[in-house]
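Participant: pasting the sequence and the predicted coordinates here, then a few questions.
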Amino acid sequence: MTAAKLLPGEYYVTRDDELITTVLGSCISACIRDRELAIGGMNHFMLPETSVERLTGGDEAVVGTATRYGNYAMEHLINSILRYGGKRKNLEVKLFGGGKIIPTLGDVGQRNIDFVLEYIDTEALKLVSRDLGDIYPRKVNYYPRTGRVRVKKIKDLHNDTIVNRERQYRSAIKDIPVEGEVELF
């Protein structure tokens, strides 16, 4: 079986029998699929949301790609599923992540959770499963064709890989121009 591994700020959609996997700290992944046509995908976003104005002006103008923000990541994922032929009325959503894995930082995980739950409610999407919050990183394996998800909470970290990856990503995206083709309204 082919596997797609997602990093922060990425998303992936498929019609094939594939595995999509990622490792989450404070980030959120939404696993969304058309349950009738078995078209689905996953995103991995790091921060809750931003506006077009904030992305194009001031300090935020040079910060990262658009899909690191939840509002862009959710729109990109859903629009890609619809472009593949999925129907909005058939979409089901599963949410994971939002852990507070770095005690000394603010609780971006909880902000991500608050954002994504409000987004699901506002967009009237069908939330069928979630595993959010807590203090543990998670490894998520998603099979869009069946909708099956396997989640492993990583309770015993022997190194700082996930924490360092989140810190490096936050640092790296500061100098990357914002790009995106989703129009927010």
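Facilitator: Cool, the structure landed.
Participant: so what's the backbone phi/psi at the residue positioned nearest the centre of the chain?
Facilitator: Centroid-nearest residue in the chain: H44, 2.7 Å away (criterion: C-alpha atoms, centre = their mean). Here is the backbone geometry of H44 (degrees, to the nearest 10): phi -150, psi 100.
Participant: against F96, how distant is the closest residue to it other than its chain neighbours?
Facilitator: Distances taken as C-beta to C-beta, 6 or more residues apart in numbering place L6 nearest to H44, at 4.5 Å, with adjacent residues excluded. For every residue, glycine as well, the C-beta is placed using N, CA and C. Distance from L6 to F96, counting by C-beta to C-beta, to the nearest Å: 12 Å.
Participant: which residues are in contact with each of those two?
Facilitator: S29 (C-beta atoms under 8 Å, 6 or more residues apart in numbering).
Participant: wait, R138 sits on G99?
Facilitator: Yes - using C-beta atoms under 8 Å, R138 makes contact with G99 at a distance of 6.8 Å.
Participant: check which element follows the helix or strand of the chain at the bottom of the mean pLDDT ranking along the chain.
Facilitator: Ranked by mean pLDDT, DSSP states H and E, the weakest helix or strand in the chain is helix 52-56, scoring a mean of 60. Counting by DSSP states H and E, the element after helix 52-56 in chain order, helix or strand, is helix 70-83.
Participant: check the average confidence over that next one, would you?
Facilitator: Average pLDDT, helix 70-83: 94.
Participant: quick one, helices of the protein?
Facilitator: With helices called from DSSP state H, the chain shows them at 52-56, 70-83, 108-122, 161-172.
Participant: need these in CSV (columns: distance to K153 and mean neighbour count).
Facilitator: Formatted as CSV, the helices of the chain follow (distance: least, C-beta to C-beta, whole Å; neighbours: other C-beta atoms under 10 Å):
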stretch, distance to K153, mean neighbour count
helix 52-56, 33, 14
helix 70-83, 22, 22
helix 108-122, 14, 18
helix 161-172, 12, 15
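Participant: other residues contacting stretch 72-80?
Facilitator: Applying C-beta under 8 Å, 6+ apart, the external contacts of stretch 72-80 come out as 9, 11, 13, 30, 32, 41-45, 50, 66-67, 88, 91, 116, 119, 123, 180, 182, 184.
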